[in-house]
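A.B. asks: Any chance you can model this:
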Amino acid sequence: MKFVVMENDGIGPEIMAATLPVLRRLNDALGLGIELQHCLGGLKAWEQIGETVPQATRDACDAADGVIVGPVGTYEYPDEARQATNPNRFMRTHFDLFANVRPAKTRPGVPARVDHMDLVIVRENTEGFYADRNMFQGSGEFMPTEDVALSVRKITRQGSERIARHAFQTAQERRKKVCMVHKANVLKMTDGLFRDTVAVVGREFPGVELEELIVDAATAHLVRRPEDFDVIVTTNAFGDILSDLCSELSGSLGLAGSINAGAGQVMAQAQHGSAPDIAGQGKSNPTALLLSTGMLLEELGRRTSRNDLAQAAGKLYAAVDGVLADPVNHTPDLGGGNTTDGFGRAVLGALDLD
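C.D. replies: Down below sits the predicted model:
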């Protein structure tokens, strides 16, 4: 089994350096047979080669079983007309990674802003308000004059069906509740199509309860009653926003793991950005990328019926939770003074490999 590793931008190299030793230890102890292939990507690739996702990296990702990527500093990228493709955009469109799965939960020892929460946001990842994913050629944003900017939003029945099915299947393995979040009261055609399609797919899962909320109401309910939510399914931009809200409610965006999943490929990527303001200072929290790597192992274990991958994911999660339970291990985002490397070494030492 081969995993491609791309450090990318900002704090990416630091959190990757804290994550990979944990994966290697699990690989060696449990005999997982994972080979890591480091590939160039992001701004470093642009500076060295003139492309943000070089052909060699693309070929390696095509041949890999999974990909682990660091964050991308989107504002720093040059014009895409000069081959400066955003790596996130490339990976999500090239592999059709339609499901962005983003858990958020409160954890012992972590200073959360709510008493209890354990939910998963299943975000559609290939269309919606994100204009760079909506056109066959070029961007869905354009300016007919220098004073007018327009954007095209795309919602398809196929895209809505498959993200809805992913959400209901996820809920079946959890507490059997799905909340559909939309803005169909205003966006009557696009969110109307999403709303109607999710409801139709829901009939295939009679054992799963379906609730629906308008997105602005959903933000209020997530703050007021987060413990009631299990799986939230929503469109691209709404899912991006709500997942950041939930991560901060759970304690920090630094805790926010995620995977991007398609029918074939799976990519582990922390929810947060590249944090250039703290890059190189050893202050970043590697928890999100650690948890994302665990999610990658878990998903591949589910797809291949390999219990050893699921076991490795469980051991990784348990080690992270054990380290977070003691505030002495917390990084600055959680109010502590630990370093990125120090946190990674603590997780490495907490692995139960018996």
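A.B. asks: Now do the domain split for the protein, please.
C.D. replies: According to automatic domain parsing, the chain comprises the domains 1-100+255-354, 113-250.
A.B. asks: Please work out which of those domains is packed deepest.
C.D. replies: With neighbours defined as mean count of other C-beta atoms under 10 Å, the domains of the chain peak in mean count at domain 1-100+255-354, which reaches a mean of 20. All C-beta spots, glycine's among them, are computed from the backbone N, C-alpha and C.
A.B. asks: check contacts around F142.
C.D. replies: Neighbouring residues of F142 by C-beta atoms under 8 Å, 6 or more residues apart in numbering: A149, L150.
A.B. asks: Now it, what are its backbone angles?
C.D. replies: Main-chain dihedrals, F142, degrees, to the nearest 10: phi -160, psi 160.
A.B. asks: same deal with the one 4 residues further on?
C.D. replies: Taking degrees, to the nearest 10, you get phi -70, psi -10 for the backbone angles of E146.
A.B. asks: Can we start the residue count at 13 from this point?
C.D. replies: All right, first residue 13 from here; so that's E158.
A.B. asks: A strand includes V193, no?
C.D. replies: Yes. In this structure, V193 lies within a strand as judged by DSSP: H, G, I helix; E, B strand; the rest coil.
A.B. asks: Tell me where the stretch 13-162 of the chain has strands.
C.D. replies: For the stretch 13-162 of the chain, the strands defined by DSSP state E, counting those that start in this stretch occupy 14-18, 47-50, 78-81, 111-117, 130-136, 153-157, 160-163.
A.B. asks: Run me through the strand neighbours of the third one, direction for each.
C.D. replies: By that I understand strand 78-81. Sheet pairing here is set by DSSP bridges, and for strand 78-81 it gives strand 14-18 (parallel), strand 278-281 (parallel).
A.B. asks: picking that back up, between the strands of the stretch 13-162 of the chain, which one is nearest to S304?
C.D. replies: For S304, the closest of these is strand 78-81, at 7.4 Å, according to C-beta to C-beta.
A.B. asks: Need the residue in this structure that's farthest from the chain's center.
C.D. replies: Taking C-alpha atoms, centre = their mean as the measure, the residue most remote from the mean C-alpha position of the chain is T157, 36.1 Å away.
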